[in-house]
Every structure is written in C-alpha cells, then in structure tokens.
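Asker: show me the folded form of this:
(chains A, B, C and D)
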2 protein chains.
Amino acid sequence: MSRVEYDGAMSLRHAALGLLTFGPASGYDLLQTFNGSLANVWPATQSQLYGELGKLAEAGLVTVAEEGARRRKEYALTDAGLAELRHWLVDVEPTVVRRSDVLLRVFFLGIVEPEQAEEFLRERERDAIERQAELRVTEKEIASDTVDLAVYGRLALEWGLRFTEMQREWAVWAQQEVAKVRG
Amino acid sequence: MSRVEYDGAMSLRHAALGLLTFGPASGYDLLQTFNGSLANVWPATQSQLYGELGKLAEAGLVTVAEEGARRRKEYALTDAGLAELRHWLVDVEPTVVRRSDVLLRVFFLGIVEPEQAEEFLRERERDAIERQAELRVTEKEIASDTVDLAVYGRLALEWGLRFTEMQREWAVWAQQEVAKVRG
DNA sequence: CGAGCCATGTAAAGAGTTACATGATTGC
DNA sequence: GCAATCATGTAACTCTTTACATGGCTCG
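Answerer: The predicted structure follows:
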C-alpha cells in the first residue's frame, strides 16, 4: 500500500481499474477486452498490461483476490482503486490533444500530384466505410455480451459511428476540393 | 548519409521534413509552427524536435544549409528527404488506431451518479464549442499566413470544424440518453 | 502424446514529456 | 545594462511496442 502517484496522464491504469468494476479478472481476461470492445478506444499490449497490474497491486489499487490454475492471478478492485477511478472520472480533465497521422499527411499533400492526393483521400473514404462496418459488427456483439459494457459502451459506439460518418463525408468533400484545384 | 530506418510509425520525422518543403528553417522556426498551425495535429516539444533534427541530419534526409547568429542552424531538405516524405505520403498506410481519453471515461461512466455522468457530457459539449471557436481563429490566421500551409491546411482545418461539430452533437444526444436512464 | 489455448513474465528499444542548463543578440 | 526573445542542447522519466521466454492444462 504505497503512495499513489497520479499526474493526469496515463489512462491504461484507469482502463484496467474500470474493467475490474465489472468483477474480478486475470490479466489474461482483461486482455481479451482490450483486444475486443476496448480495441478502438484504448488498445494495450499484453506486456504493458501485466506490468501495469503489478504496479497497481503494489500501489494498493487492486489486490490478488485468488490464485488459480496455470499461475492465474485474479485481480479485484480495492476501495482505494474505486476511489481513484471515480476521482479520475469526475475531477481530472481529459486530454484534448490528439495526434492524427492522416491529418498530418493532408497538410503536406501539396507535394505530390493532385491525382495522388485524390487517391489518398479516396482511401480515407474507403477506410471510413470499412471501419463503420466493423463497428456495426461490434454493435451486435455488445448487445449480447455477458460483461456489461453495454450501457455506456453504447454511447462510445455511437460516437464511433458518427465519427466514421463524418470522416467519410469529409473525404468526399475534400476530393471535390482537390478536383477543383486540379481542374 | 547512413541508412534510413523506417518502419511505419513515427511521424514527427515526417512533420519536420514536410515543414522544410516550404523552405529552409531552424529548429526554433519549426517549433513556432508546431506550436501554431500544427498544434492540433502533431504537437511536439522543443526537446524532441531538436533531437529529431539531429537524427535527420545524420540520416542524410536534411542538411545544415547555413549557420547563423546565436548558434542558429538552418536546415534544408535533401533529395533523399523529399523522397522519404513522398514515400510516406503515398505508400505508407496511416495508422488507424486512436486512443481517446474521453471515450475511455464514457465506458465507465456507469460507476458514478447519472448526474455526474450528465455533467461530464455537458463539459464535452462545452469543450467542443470552445475548440471550434479556436479553429475559427486559426482559420483567419491561416488565410493571412506567409508560410503556405493554406492550400491543404484548409482541408485539415475543415476536418477539425466538422469533428468538433460532430462531437458537440454527440454530447447533446448522449446527455439525453443518460437523462432517459435517470428519469 | 501433442496441438492449442491459458497464463505470466522480462528485455530492449522507440517515442514523448518535463525539467534543467546555457549562452547570444536585440531593443529599450 | 537588463529584460525579452532567439536558439540549442542534455538528463531523467514515463509510456508503448516488439520480441523473446517459459510453463501449465485440456482434449482429442
């Protein structure tokens, strides 16, 4: 039960704490969720997750509730962990900054041929369509999920649907803009 | 002129190369742009940028074209640098993944009171409005900019305007959804 | 008994942030 | 001369990714 260091960044910690509110789970269990419904929101690697769970246990935010077969450790949220999670949810301002690989390329699209710029934007349109289709699949999975991310997870999903739609419309518009310059 | 290592990630490198297509510039000059028109797309710290310029020079993608007063080094893009930039723009698939601090919180909004969840969403709505206002300011700056990020930078800006609008509308919708559950 | 999944861990390197440190030049 | 701005650099730490490594259990 050492001191809890927390400065505002670092959300893998809170993602793990959050998932444990749905009940005790092992690192392996959590990893399935990170690769599943959380993949589009906060992906994490196995390596990172196991390390983080160790730190979380050391900090007293989770405890090893049970040790099972195959070295399995089942983690459970402590009162301190739940308090930290609530604190993060309510009091800590989310980071606004977002890096966008795509947008950075858009800035420099002037150095390639307009045809290539248009092709780039056409690919963004296709990406958006594809990702939206994937979200529709997730939509059905979530509905029939045992772990109840359904309630508020539905809000996150709707965000994704609106986001991909916006991206698709923008890509179509941007192609027209480039066509204007080219033509 | 050592070998260029490149595996698909890492875009600060390309941001720097891209900015140098508008003409030679010092680390300090580039930093102004990173803090300005690029701040919402690919922020970078002074520390990181100077380090990267050193590596870029070592790799032969840029050269020190001129050394001025106050230790100023003016960097210029080499042919190899421009080639790498074009390659990145046309051949390298942009990363799709995106971490969202906000969306992660949405997933776990069920553990706080519905009133707090609504307040959280109301803040997102305010954020979106505020950020859109900032983009409107940038819009006018870009129009009267000497460095010509204007042409395709305009496309990136429009993306931002559409994005913030989408976010605002989603936040309004989400508040209503929470109100339904609460009521 | 072996394939496949369950389950955890470490090591190394890349990418990003914050803080510290230094010095030159310009303009009032 | 001194404050502000120009200008570069280093050190330490955190977060993230990729690769490597190991072993247990179950079922056909």
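Asker: phi, psi of the residue positioned nearest the centre of chain A?
Answerer: Relative to the mean C-alpha position of chain A, the nearest C-alpha, by C-alpha atoms, centre = their mean, is the one of A:V41, at 1.3 Å. For A:V41, the backbone dihedrals are phi -120, psi -50 (criterion: degrees, to the nearest 10).
Asker: mind listing what the residue found closest to it once you drop the neighbours it is linked to in the chain touches?
Answerer: Counting by C-beta to C-beta, 6 or more residues apart in numbering or on different chains, A:V41 lies nearest to B:L103, which is 4.6 Å off, once chain neighbours are set aside. Every C-beta, even on glycine, is put in place using the N, C-alpha and C of the backbone. If you count contacts by C-beta atoms under 8 Å, 6 or more residues apart in numbering or on different chains, B:L103 has them with A:41-42, A:156, A:159.
Asker: repeat for A:S11
Answerer: A:S11 makes contact with A:42, B:99, B:101, B:104, according to C-beta under 8 Å, 6+ apart.
Asker: please enumerate the helices of chain A.
Answerer: A:12-20, A:27-35, A:46-58, A:79-91, A:101-107, A:114-143, A:150-182 (DSSP state H).
Asker: which helices and strands sit right next to the fourth one?
Answerer: This points to helix A:79-91. helix A:12-20, helix B:114-143 (3 or more C-beta pairs under 8 Å, 6 or more residues apart in numbering or on different chains; DSSP states H and E).
Asker: now render the ones you listed as TSV, adding mean neighbour count, mean pLDDT and distance to A:R182.
Answerer: Shown next, in TSV, are these (neighbours: other C-beta atoms under 10 Å in any protein chain shown; pLDDT from 0 to 100; distance: least, C-beta to C-beta, whole Å):
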stretch	mean neighbour count	mean pLDDT	distance to A:R182
helix A:12-20	24	97	44
helix B:114-143	16	93	21
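Asker: and of those helices, who's closest to DNA strand C?
Answerer: helix A:12-20 (12.1 Å; C-beta to the nearest atom of the strand).
Asker: does DNA strand C have contacts with the closest one?
Answerer: No - Helix A:12-20 stays clear of DNA strand C (C-beta under 7 Å from any atom of the strand), getting no nearer than 12.1 Å.
Asker: now do that helix and helix A:46-58, the angle between them.
Answerer: Orientation check (axes from the mean of the first three to the mean of the last three C-alpha atoms, to 10 degrees): helix A:12-20 against helix A:46-58 gives 80 degrees.
Asker: which residues touch helix A:12-20?
Answerer: Here helix A:12-20 has contacts from A:25, A:30, A:33-34, A:38, A:42, A:44, A:48-49, A:52-53, A:55-56, A:61-62, A:75-77, A:81-82, A:84-85, A:88, B:104, B:107-108, B:111, using C-beta under 8 Å, 6+ apart.
Asker: circling back to that earlier point, got a list of what the residue nearest to the centre of chain A touches?
Answerer: For A:V41, the contact set (C-beta under 8 Å, 6+ apart) comprises A:156, B:99-100, B:103-104, B:107.
Asker: brilliant, that's me finished.
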